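>>> With the input below, show me the fold.
(one chain, ligands or ions: 1)
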Amino acid sequence: MKTVLLFGASRGLGFEIARQLYVRNQRIVALVRPTTDSALLEQLGVEVVRGDATSADDVSSAFAHAGNGATVLSTLSGRDEQGHFVDEIANALITDIARHSTTERFLLVTAIGCGEMRPFRSERAIAAFGDVVDAKSRAEAYLRGSGVPYTLIRPGGLTNKPATGGGMLTSNWLVHGSISRADAAEQIVSALDSPRTIDRAFALVDEELAYFEGAERTVVAGSAP
Ligand SMILES: NC(=O)c1ccc[n+]([C@@H]2O[C@H](COP(=O)([O-])OP(=O)(O)OC[C@H]3O[C@@H](n4cnc5c(N)ncnc54)[C@H](OP(=O)(O)O)[C@@H]3O)[C@@H](O)[C@H]2O)c1
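Numbers count the residues shown, from 1 in each chain. Below you'll find the predicted structure:
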C-alpha cells in the first residue's frame, strides 16, 4: 500500500478520507496545525506532522516524513492571517514541493464552479463563493501546469448526512448539487485506485441530488470513470 500524504485531515471531508483510508489499512501521513486537536487522527494510526500548510519548511517536512512516491491529497480551505486563501497559496506551495519530489499524484479537492465549470456558475453561487472558487481555480491551473500528475475533484455542497452510496464523479460541467462527506470520501478514495482519473478533472455530487442550474431538476446519468 502506498503512503497517502493528507493536507486538511483534521476535520470535515479530509477527516472522512483519513477514516476511509484507515479502513483500507493504508499508511497515512497528515500535516496538522500545532494548535489543532489531532487525537482522533492519531487513534486511526495517522502519522501526524505538526505544521502550517503555508510554510514551505513545514510542507517539506511532511513530504520528507511521507517518503518517496507518496500520493498527495489536499482538502485545504480557509484564509491565512493576511486574509489570503490557503486554497490557493498552500496548494500552490504543495504543488511546487511535489514537483521537486517523487510524488505519484496530487489529488486536489476544489469545488463545483472551478476551472471549466466557470461559465455555468449561478449568480447566487458567484455572490456566495465566487472569490474562493476563483482562488481554487487558480490553484487548479497551477497544478495542471506543473507537470505533476494530478486529479481535480470538485464537490458540490457537502453535508454531514449519512452515506447513500450514490456518489457520482462526472465531467458534465453543467451539473450542480450536493453530496454527503461520507459519499464524497468514498468516491475520492476510489479515484486513487483508478489510473483513468490521472490528469483529469471531475465534479462530484450525489446522483439523486444532481441537477442542472436553471433547468428543471434532472438526474444525470452516472458517468464515473
Ligand atoms: N463545505 C462545502 O459545502 C464545500 C463545497 C464544495 C467544496 N468544498 C471544499 O471541500 C473541501 C473540504 O471541505 P470541508 O468543509 O469538509 O472541510 P473544511 O472544514 O473546509 O477543512 C479545511 C481544512 O483545512 C485545514 N487548514 C486550513 N488552513 C490550514 C493551514 N494554514 N495549515 C494546515 N491546515 C489548514 C483545516 O485545519 P484546521 O482544523 O487546523 O483549521 C481543515 O483541516 C474544502 O477544500 C472545501 O473548500 C466544500
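
>>> going forward, measure contacts between C-alpha atoms and count neighbours the same way
Fine.

>>> so who does residue 107 touch?
71, 72, 73, 74, 150, 151, 152, 153, 192 (C-alpha atoms under 8 Å, 6 or more residues apart in numbering).

>>> swap in residue 20?
185, 186, 189.

>>> returning to that earlier point: greatest separation within the contacts of residue 107: which pair is it?
Within the contacts of residue 107, 71 and 153 form the most distant pair, 14.7 Å apart (C-alpha to C-alpha).

>>> The ligand: which of the contacts of residue 20 is nearest?
Checking the contacts of residue 20 against the ligand with C-alpha to the nearest ligand atom, the nearest one is residue 185 at 9.7 Å.

>>> is the ligand contacted by the stretch of helix or strand that closest one belongs to?
Element membership of residue 185 [criterion: DSSP states H and E] is helix 181-191. No: if you take C-alpha under 6 Å from any ligand atom as the test, helix 181-191 misses the ligand, and the best it gets is 6.6 Å.

>>> same deal with stretch 104-122?
Yes: residues of stretch 104-122 contacting the ligand under C-alpha under 6 Å from any ligand atom: 109, 110, 111.

>>> Just the buried positions in that stretch, please.
Of all the residues in stretch 104-122, those buried under the rule 16 or more other C-alpha atoms under 10 Å are 104-115, 117-118, 120-121.

>>> Go through these and flag which are in strands.
105, 106, 107, 108, 109 (DSSP state E).

>>> ok, and does the helix ranked longest in the chain reach over to the ligand?
If you go by DSSP state H, the chain has its longest helix at helix 123-144. No: against the ligand, helix 123-144 shows no contacts by C-alpha under 6 Å from any ligand atom, the least distance being 7.7 Å.

>>> Say whether the ligand is contacted by the helix or strand following that helix.
Remark: after helix 123-144, the chain's next helix or strand is strand 150-155, criterion DSSP H and E. Yes: contact of strand 150-155 with the ligand (C-alpha under 6 Å from any ligand atom) involves residue 155.

>>> Would you mind listing what in this protein touches the ligand?
8-13, 32-33, 36, 52-54, 75-78, 86, 109-111, 155-158.

>>> Give me the buried entries from those.
Buried, going by 16+ other C-alpha under 10 Å: 8-13, 32-33, 52-54, 75-77, 86, 109-111, 155-158, out of the residues of the chain next to the ligand.
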